[in-house]
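next input, structure requested:
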Amino acid sequence: MTVQMDKMTQEAMDFTRNLGISIQNMREAGEIDAGVTPKTVIYEEDKLKLYRYQPLADIVQNKIPTLIVYALVNRHYMTDIQEDRSTVQGLLETGQDLYVIDWGFPDRSDRFLTMDDYINGYIDQCVDVIRRRHKLQKINILGICQGGTFSLCYTTLHADKVQNLITMVTPVDFHTEDNHLTKSAKYLDIDLLVDTIGNVTGDMMNASFLAMQPFRLMGQKYVDAVDILQDKNKMKNFLRMEKWIFDSPDQAGETFRQFLKDCYQNNALVKGELKIGGQLIDLGTLTLPILNIYGEKDHLVPPSASKALKDHVGTRDYSEISFNGGHIGIYVSGGAKKQIPPAIGAWLNERTAS
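Down below sits the predicted model:
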């Protein structure tokens with residue numbers, strides 16, 4: 001018993017000492033950056049900014065640029081959160097010319113923005129800006145999570161403007177048995193929520209996501225962080241991730257209403273019943289090359305929800321890549337950096353060459 005007590009006492013003392021070092025390191029951390037790759041604003045509209053990432057000068061560029069469409073939830077710089085594990089830098093290294101939409105932070109004036117405004121408005125305008133800059137009829141689109149769903153909708157409506165489509169961790173069939181978000185949203189009175197509060201706050205969205213894995217995301221992570229924060233480089237990466245998690249925009253009320261009711265509650269996308277701007281979204285009309293990427297351990301968009309895309313599109317050029325990781329790990333893990341960007345780049349370059 002005495003030996004065990006001595007061991008517990010020593011562990012407590014070590015933890016307290018490490019905690020003190022961690023706190024001191026955080027005090028000295030300075031400003032935590034949001035994205036590491038240089039980029040330039042080329043277009044602005046309302047809260048939106050369209051960025052172009054600085055191409056790598058010593059690498060032959062793919063002549064067809066790619067627009068990254070991120071989800072409205074959280075911020076786009078998850079794909080570029082640290083130098084050695086940046087999806088963006090990995091894609092630049094394959095010769096891709098990259099643009100990204102920064103949706104900004106909606107406020108009360110944006111409450112009545114609809115999915116039509118985002119898809120036929122903002123996304124279409126950004127695509128046209130890029131097409132004009134490069135004097136091209138079509139560009140590539142890389143849609144991520146909800147941004148992938150929006151990109152699928154956009155491409156069905158504007159197939160004449162999209163050369164190749166990549167979707168990453170993108171929900172398509174929202175009613176698979178292992179879709180825990182759908183189970184959470186099934187009985188939510190979305191009309192009452194939006195009619196009462198208008199925009200849905202980022203804090204409310206974060207609380208919902210964290211509650212899906214409360215022990216790991218709200219408890220164990222911070223206990224483990226005491227060891228991580230001893231190393232200043234690891235600390236920077238940890239704080240970048242924390243900044244991203246809680247750097248959450250509010251959701252425009254009407255878009256939130258439609259997305260949850262039509263997709264999560266009614267599964268309208270795969271039923272062919274989803275309407276954007278009065279037009280039905282028919283995934284079967286998609287005949288362009290499609291690359292679909294999913295995480296095998298994704299707890300937000302399970303593989304079954306994403307892989308369903310294959311059964312609903314009309315293209316003969318459909319490819320899938322599975323990654324042995326989760327919804328966020330697919331961007332920030334060392335394994336993902338080695339696997340995903342090179343595969344996307346090779347896929348795009350092959351289709352550009354042909």
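
mind listing what's buried along stretch 96-110?
Residues of stretch 96-110 classed as buried: Gln96, Asp97, Leu98, Tyr99, Val100, Ile101, Asp102, Trp103, Pro106, Asp110 (neighbour count, 16 or more other C-beta atoms under 10 Å). Quick note: C-beta positions are derived from backbone N, CA and C, even for glycine.

end-to-end on that stretch?
33 Å (C-alpha to C-alpha, to the nearest Å).

what's the mean pLDDT across that stretch?
For stretch 96-110, mean pLDDT rounds to 96.

repeat for stretch 73-82
Rounded mean pLDDT across stretch 73-82 is 86.

cool, and stretch 190-206?
pLDDT averaged over stretch 190-206 gives 88.

what about Thr287, which helix or strand?
Here Thr287 sits in a region with no helix or strand, counting by DSSP states H and E.

ugh, wrong one, Ile321
Counting by DSSP H and E, Ile321 is found in strand 318-323.

so which bits of that strand are buried?
Quick answer for strand 318-323 (16+ other C-beta under 10 Å): Ile321, Phe323.

report the strands that pair with it, each with its relative direction.
Strand 318-323 has its sheet partners listed here by DSSP bridges as strand 290-295 (parallel).

and the strand it pairs with, how far out from the chain middle?
Taking C-alpha atoms, centre = their mean, to the nearest Å, one finds the center of strand 290-295 at 13 Å from the center of the full chain.

how about stretch 346-353: buried residues?
Trp347, Leu348, Asn349, Arg351.

what mean pLDDT does it get?
92.

list of residues touching it?
Residues from elsewhere that reach stretch 346-353 (C-beta atoms under 8 Å, 6 or more residues apart in numbering): 62-64, 66, 94-96, 140, 163-164, 166, 289, 291, 317, 319.

what do you get for stretch 327-341?
In contact with stretch 327-341 (C-beta under 8 Å, 6+ apart) are residues 78-79, 81-82, 84-87, 89-91, 93-94, 145, 168-169, 241, 293, 295, 297-301, 321, 323-325.

what does stretch 273-285 give?
When contacts are defined by C-beta under 8 Å, 6+ apart, stretch 273-285 is touched by residues 115-116, 119-120, 152-153, 156-157, 159, 172, 262-263, 266, 268-270, 272, 309, 312-314.

circling back: C-alpha coordinates for the strand holding Ile321, CSV please?
Taking C-alpha atoms only, strand 318-323 is exported to CSV below (Å, rounded to 0.1, in the frame of the first residue of the first chain):
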residue,chain,number,x,y,z
TYR,A,318,-16.1,7.3,-60.4
SER,A,319,-13.3,6.6,-57.9
GLU,A,320,-13.1,6.2,-54.1
ILE,A,321,-10.3,6.7,-51.6
SER,A,322,-10.7,5.4,-48.1
PHE,A,323,-8.5,6.8,-45.3
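
let me know the next secondary structure element after it.
Scanning forward in sequence from strand 318-323 by DSSP H and E, the next helix or strand is helix 329-332.

how about the CA coordinates for that next one, as CSV?
Provided in CSV are the C-alpha atoms of helix 329-332 (Å, rounded to 0.1, in the frame of the first residue of the first chain):
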residue,chain,number,x,y,z
GLY,A,329,-7.6,13.3,-39.1
ILE,A,330,-8.0,13.1,-42.8
TYR,A,331,-6.5,16.6,-43.0
VAL,A,332,-4.1,16.8,-40.1
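
quick one, strands of the chain?
39-45, 48-53, 66-69, 98-102, 139-144, 162-168, 275-276, 279-280, 290-295, 318-323 (DSSP state E).

re earlier: just put the buried residues of stretch 96-110 in JSON lines and tack on distance to Asp178.
Listed next are those as JSON lines, based on distance: C-beta to C-beta, whole Å:
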{"residue": "Gln96", "distance to Asp178": "33"}
{"residue": "Asp97", "distance to Asp178": "37"}
{"residue": "Leu98", "distance to Asp178": "32"}
{"residue": "Tyr99", "distance to Asp178": "34"}
{"residue": "Val100", "distance to Asp178": "30"}
{"residue": "Ile101", "distance to Asp178": "30"}
{"residue": "Asp102", "distance to Asp178": "32"}
{"residue": "Trp103", "distance to Asp178": "28"}
{"residue": "Pro106", "distance to Asp178": "31"}
{"residue": "Asp110", "distance to Asp178": "33"}
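
which one among the residues you listed gets closest to Tyr53?
Leu98 (4.4 Å; C-beta to C-beta).

what's the closest non-adjacent residue to that closest one?
Tyr53 (4.4 Å; C-beta to C-beta, 6 or more residues apart in numbering).

shouldn't that neighbour be in contact with Gly90?
No - with contacts defined as C-beta atoms under 8 Å, Tyr53 does not count as touching Gly90, sitting 11.6 Å away.

and this protein, what are its domain boundaries?
Residue ranges for the domains of the chain, per automatic domain parsing: 1-30+201-249, 34-186+253-353.

lowest average confidence across those, which one?
domain 1-30+201-249 (a mean of 61).

rewinding a little: which of the contacts of stretch 327-341 are buried?
Applying 16+ other C-beta under 10 Å to the contacts of stretch 327-341 flags 78-79, 81-82, 85-87, 89-91, 94, 145, 168-169, 241, 293, 295, 298-301, 321, 323, 325 as buried.

having no further points to raise, I will conclude here.
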